[in-house]
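# need a structure here:
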Amino acid sequence: MIEAAERAGHYMPARVPNIIAALASSAADVRTKQAAKRVAKDRAERIERVRREREQQFMLGDRYSVMASRADYADAARDPDACRWVELVFHEIMGRPLPDQCEIRRDVWLVRVVQLEGGTFGAVVGCDCTETSDLAEITCVAERMISRFEGEV
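Numbers count the residues shown, from 1 in each chain. Purely as a prediction, here's the structure:
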């Protein structure tokens with residue numbers, strides 16, 4: 001471009017090549033920053049999408065919060081008639097042994113129900129597992145726990 005301008009008889013100061021190089025460098029910096037922003041945005045969206053695929057949360061009425069999350073779970077209760085579901089990976093990281101009668105369920109949805117009191121978490125109603133993320137199935141499990149909690153069953 002400089003050579004073409006000089007051939008056409010235009011005067012080009014000696015610093016023009018440096019200015020053009022600086023502009024090209026600045027343009028490259030802008031493109032790099034834009035690409036980095038796109039990557040960060042895509043990463044945030046991907047993380048949120050994966051979280052939504054592994055977690056669900058909703059209200060049943062105005063008194064119960066239902067949370068469901070997908071993972072591998074183990075029943076860590078010492079009493080065979082009780083259930084205390086823990087995330088298997090977390091329990092292994094903590095290095096705690098599981099009871100002999102431990103039941104392990106892989107790739108299931110753990111449904112937790114908590115009773116709300118005055119807008120904050122109150123009593124833990126219970127938790128149980130379901131095979132799918134189907135909202136109707138999660139709701140059915142949650143309603144069964146609520147019925148037991150309220151003494152209707």
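
# contacts for stretch 33-51 next, please.
Under the contact criterion Cβ atoms under 8 Å, 6 or more residues apart in numbering, stretch 33-51 has no outside partners. Placement of C-beta: from N, CA and C, glycine included.

# list the buried residues in it.
For stretch 33-51, a neighbour-count test (16 or more other Cβ atoms under 10 Å) marks nothing as buried.

# show me where the chain has its strands.
In the chain, the strands defined using DSSP state E lie at 55-60, 64-75, 85-87, 104-117, 120-130.

# what helices or strands is the fourth one leaning on?
To tie it back to what came earlier, the one meant is strand 104-117. strand 64-75, strand 120-130, helix 135-150 (3 or more Cβ pairs under 8 Å, 6 or more residues apart in numbering; DSSP states H and E).

# any idea which of those scores lowest on pLDDT?
Set side by side, the helices and strands packed on strand 104-117 give their lowest mean pLDDT on strand 120-130, at a mean of 83.

# from the chain's centroid, how far away is the helix ranked longest in the chain?
When the chain is scanned for its longest helix (criterion: DSSP state H), the result is helix 16-54. Taking Cα atoms, centre = their mean, to the nearest Å, one finds helix 16-54 lying 23 Å from the centre of the chain it belongs to.

# let me see the mean pLDDT of that helix.
Helix 16-54 comes out at a mean pLDDT of 84.

# returning to that earlier point: of the strands of the chain, which is nearest Met12?
With Cβ to Cβ as the criterion, Met12 lies closest to strand 55-60 of these, at 62.3 Å.

# skipping its backbone neighbours, what lies nearest Pro80 in space?
Gln101 (5.1 Å; Cβ to Cβ, 6 or more residues apart in numbering).

# quick check: that neighbour touching Asp79?
No. Using Cβ atoms under 8 Å, Gln101 makes no contact with Asp79, being 9.3 Å away.

# Tyr64: how many residues sit nearby?
Residues contacting Tyr64 under the criterion other Cβ atoms under 10 Å number 20.

# contacts only, for it.
Counting by Cβ under 8 Å, 6+ apart, Tyr64 touches Val113, Val114, Gln115, Leu116, Val125, Ala142, Ile146.
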